[in-house]
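Asker: give me the fold of what follows.
(chains A and B)
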Amino acid sequence: MRFVDEYRDPELARSLAAEIRSLVTPGEVVRVMEICGGHTHAIYRHGLEELLPPEVELVHGPGCPVCVIPMGRVDDALAIAETEGVTLATFGDMLRVPGGRGSLLEANARGADVRMVYSPLDALELARREPERHVCFFAIGFETTAPATAVTLLRARAAGLPNFSVFCNHVLIEPPLRAILETPGVRIDAFVGPGHVSSVIGTDAYRFIPEEYGRPIVVAAFEPVDLLQSIAMLLRQRLEGRCEVENQYTRVVRREGNTRALAAIAETMEPREDFEWRGLGLLPRSALRIRDELASLDAEHLFTLPGARIEDPKACRCGEVLTGQIKPWECSVFGTACTPERPLGTCMVSSEGACAAFFSYGRLTLPPEARVGA
Amino acid sequence: MILEPERCITCGDVAVAARVREVDGLEAVIAVGDLTERVAIELVPEARAGDLLLCHAGIALERVEEHAA
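Answerer: Numbers count the residues shown, from 1 in each chain, chains lettered A, B, ... in the order given. Next up is the predicted model:
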């Protein structure tokens, strides 16, 4: 399959792995955080850690939107779903995320009308087809998904549909990266940047990482060859004493991003004062709310929401996994009380969550730590 | 939306490249293999039949430059 096969070429992958081995200094571990959950999934799925020398340690980042949603926001969505005459539509994985009062799937079993959609536009279409019901789209996602919500809001405004709203939980990639870089005791030496978020925001959006924090970043695509090439690019930067934003995903990502997408987001949404992140707490200006001009489409204006802050289960260490402080298998409930079938923490819900990805693909192999010095 | 198997549809960073079969106003019919789907193209209005588009959550996010590395 074109645009896939060439980026999964085993020979090319082996030659990049050899290049990576030639770029490390024996015994000097470089901690590379892949920000995006899609990258985490690809790393485990293709067994890329097995190709890397022990000097390259991959640390999984916070870029899985399902994983960073706090339980209180799930409870807010439950409150909307349980309102008479309301249909709550959202992406599939969001249905299984446990809130303080259970998941949306469980609410559905109790009689709430919760439906899975693939796009916010599908939710808008539901509202058109079922004018007797109010359809609310539970929006989550980083800057990759926010444009779809923005386009949907603009279409809803143009259509003047009275029975559609959005419960907006879109988050931004820069604030959690700053929070991780400023967390005491967290050492990240380099970053693999998210490819599709970057198709929207552009590579210039990451200049603060080298300029303010002195770490290199390479924006990468999602196939094995892409990821290995990006790691080699990061190591070469270190070897040559460079520290900059580089773009491995040139077939899609531009410096300025997609300016039309950014304009659509800006027209419909604006940064919130703060937003709670799982594992990171309240981060200022880290999420988007719907602009007041579109209040008639904003579920937070239309519904009374509990708005509670709910602590994560004590046994769950999702926060430390999301900030790269521990590996999935270091959490005591990993694979026992917390499994993809019955997730306790959000990192086990989405297939892009570090715990679920490791559970599915990585646990049959030794963790990298075990390979060091072996 | 057409997605690779085993990928999380909710993830903010999953998108697929798909070929445009035809453009119909603000929407394009895209194909991956034998499957077709309609996506909104407000953000990539220059999309034409034959283009490869990066699609996510029902919209086209960007054109894929096929000559690039």
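Asker: please name the nearest non-neighbouring residue to the most centrally placed residue in chain A.
Answerer: Closest to where the C-alpha atoms of chain A average out (Cα atoms, centre = their mean) is residue A:64, at 2.2 Å. Spatial nearest neighbour of residue A:64, chain neighbours left out: residue A:37 (3.2 Å); criterion: Cβ to Cβ, 6 or more residues apart in numbering or on different chains. Every C-beta, even on glycine, is put in place using the N, C-alpha and C of the backbone.
Asker: mind checking pLDDT for that neighbour?
Answerer: pLDDT, the model's per-residue confidence, is 83 for residue A:37.
Asker: next, the closest residue to chain B within the stretch 151-300 of chain A: secondary structure please.
Answerer: Nearest residue of the stretch 151-300 of chain A to chain B: residue A:251, at 3.9 Å (Cβ to the nearest Cβ). For residue A:251, the assignment made with DSSP: H, G, I helix; E, B strand; the rest coil gives coil.
Asker: residue boundaries of the strands in the stretch 1-150 of chain A?
Answerer: For the stretch 1-150 of chain A, the strands defined by DSSP state E, counting those that start in this stretch cover A:30-36, A:56-63, A:86-90, A:113-116, A:134-141.
Asker: so which of these gets nearest residue B:65?
Answerer: Between residue B:65 and the strands of the stretch 1-150 of chain A, the shortest separation by Cβ to Cβ is 20.7 Å, and it involves strand A:30-36.
Asker: partner strands of that closest one and their direction?
Answerer: Sheet pairing of strand A:30-36 (DSSP bridges) gives strand A:56-63 (parallel), strand A:190-193 (parallel).
Asker: dump those strands to JSON lines, plus mean pLDDT.
Answerer: As requested, these are exported to JSON lines (pLDDT from 0 to 100):
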{"stretch": "strand A:56-63", "mean pLDDT": "88"}
{"stretch": "strand A:190-193", "mean pLDDT": "96"}
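Asker: between the ones you listed, which one is nearest to residue A:265?
Answerer: Across the strands paired with strand A:30-36, closest to residue A:265 is strand A:56-63 (Cβ to Cβ), at 17.6 Å.
Asker: can I get the closest one in PDB, CA atoms only?
Answerer: Taking C-alpha atoms only, strand A:56-63 is exported to PDB below (Å, rounded to 0.1, in the frame of the first residue of the first chain):
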ATOM      1  CA  VAL A  56      18.000   5.500  23.900                       C
ATOM      2  CA  GLU A  57      15.200   5.500  26.400                       C
ATOM      3  CA  LEU A  58      11.700   6.300  25.100                       C
ATOM      4  CA  VAL A  59       9.400   8.100  27.600                       C
ATOM      5  CA  HIS A  60       5.700   8.300  26.800                       C
ATOM      6  CA  GLY A  61       4.100  11.700  26.900                       C
ATOM      7  CA  PRO A  62       0.700  13.200  27.600                       C
ATOM      8  CA  GLY A  63      -0.600  13.300  24.000                       C
END
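Asker: what about that strand, distance to the chain center?
Answerer: For strand A:56-63, the distance from its own C-alpha centre to the chain's C-alpha centre is 12 Å (Cα atoms, centre = their mean, to the nearest Å).
Asker: do the same with stretch A:316-327
Answerer: Using Cα atoms, centre = their mean, the offset of stretch A:316-327 from its chain centre is 14 Å.
Asker: and it, what's its mean pLDDT?
Answerer: Rounded mean pLDDT across stretch A:316-327 is 83.
Asker: list of residues touching that stretch?
Answerer: A:31, A:33, A:59-62, A:67-68, A:179-180, A:183, A:185-186, A:188, A:278-280, A:312, A:328, A:330-333, A:338, A:344-347, A:354-355, A:358, A:367, A:369 (Cβ atoms under 8 Å, 6 or more residues apart in numbering or on different chains).
Asker: residue B:34 versus the closest residue to chain A within chain B, what's the distance?
Answerer: Nearest residue of chain B to chain A, counting by Cβ to the nearest Cβ: residue B:58, 2.5 Å away. Between residue B:58 and residue B:34 the distance is 20 Å, computed by Cβ to Cβ, to the nearest Å.
Asker: which of these two has more neighbours?
Answerer: residue B:58 (23 against 5; other Cβ atoms under 10 Å in any protein chain shown).
Asker: list the contacts of the more buried one.
Answerer: A:118, A:119, A:120, A:121, A:122, A:148, B:1, B:39, B:40.
Asker: for residue A:264, same thing?
Answerer: Counting by Cβ under 8 Å, 6+ apart, residue A:264 touches A:147, A:150, A:151, A:154, B:42, B:43.
Asker: again, but for residue A:17
Answerer: A:51, A:52, A:228.
Asker: is stretch B:19-30 positioned near chain A?
Answerer: No - residues of stretch B:19-30 are not located near chain A by Cβ under 8 Å from any Cβ of the partner chain, the shortest gap being 8.5 Å.
Asker: one step back: and the pLDDT for the residue of chain B closest to chain A?
Answerer: For residue B:58, the model assigns a pLDDT of 92.
Asker: quick test: name the residue nearest the centre of chain B.
Answerer: Closest-to-mean residue, chain B, Cα atoms, centre = their mean: residue B:55 / 3.3 Å.
Asker: now do the SS call for it.
Answerer: strand.
Asker: residue A:353 is in contact with the residue nearest to residue A:64, correct?
Answerer: Yes - shown here, residue A:37 and residue A:353 form a contact pair, counting by Cβ atoms under 8 Å, at 6.5 Å.
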